[in-house]
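Visitor: Sequence first, predicted model second:
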Amino acid sequence: MKIRYHDYKQEQAGESIHVFFCAHCKVDVDYINGRLERHLPSCDYRIHKEKILAESRLNQFDFSQWAED
């Protein structure tokens, strides 16, 4: 199961009340559907989120390599 991300800024598309897109890369939110990889590679939100996720993975302690003496 993939994690869905909906914490990016969205903008309304013109006069339509039901059409929204990412404020950073202008991709339709229905297409994005919470998937980080569906934002453009140049999207500021995607770049920032991928950086945060990579840093959090580096900061996790791997207990499987920990052995008692």
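Guide: Perfect, thanks for sending it.

Visitor: in stretch 3-12, what's buried?
Guide: Buried residues in stretch 3-12, counted by 16 or more other C-beta atoms under 10 Å: Tyr8. Yep, even glycine has a C-beta here, placed from its N, CA and C like the rest.

Visitor: And that stretch, end to end?
Guide: Start-to-end span of stretch 3-12 (C-alpha to C-alpha, to the nearest Å) is 24 Å.

Visitor: average model confidence for it?
Guide: Across stretch 3-12, pLDDT averages out at 94.

Visitor: for stretch 30-39, same thing?
Guide: Per-residue pLDDT over stretch 30-39 has a mean of 96.

Visitor: Check the chain for its longest helix and report it.
Guide: Assignment by DSSP state H gives helix 44-58 as the longest helix of the chain.

Visitor: Show me what it is in contact with.
Guide: 5, 8-9, 22, 24-25, 36, 39-40 (C-beta atoms under 8 Å, 6 or more residues apart in numbering).

Visitor: Which residue ranges of this protein form helices?
Guide: 29-32, 44-58.

Visitor: Packing partners of the shortest one?
Guide: In other words, helix 29-32. Packed against helix 29-32, as judged by 3 or more C-beta pairs under 8 Å, 6 or more residues apart in numbering; DSSP states H and E, are the following elements: strand 20-22.

Visitor: ok, now with 10 Å
Guide: Counting contacts by 3 or more C-beta pairs under 10 Å, 6 or more residues apart in numbering; DSSP states H and E, helix 29-32 packs against strand 10-12, strand 20-22.

Visitor: what separates that helix from the chain centre, distance-wise?
Guide: Relative to its chain's centre, helix 29-32 lies at 12 Å (C-alpha atoms, centre = their mean, to the nearest Å).

Visitor: Sounds good, over and out.
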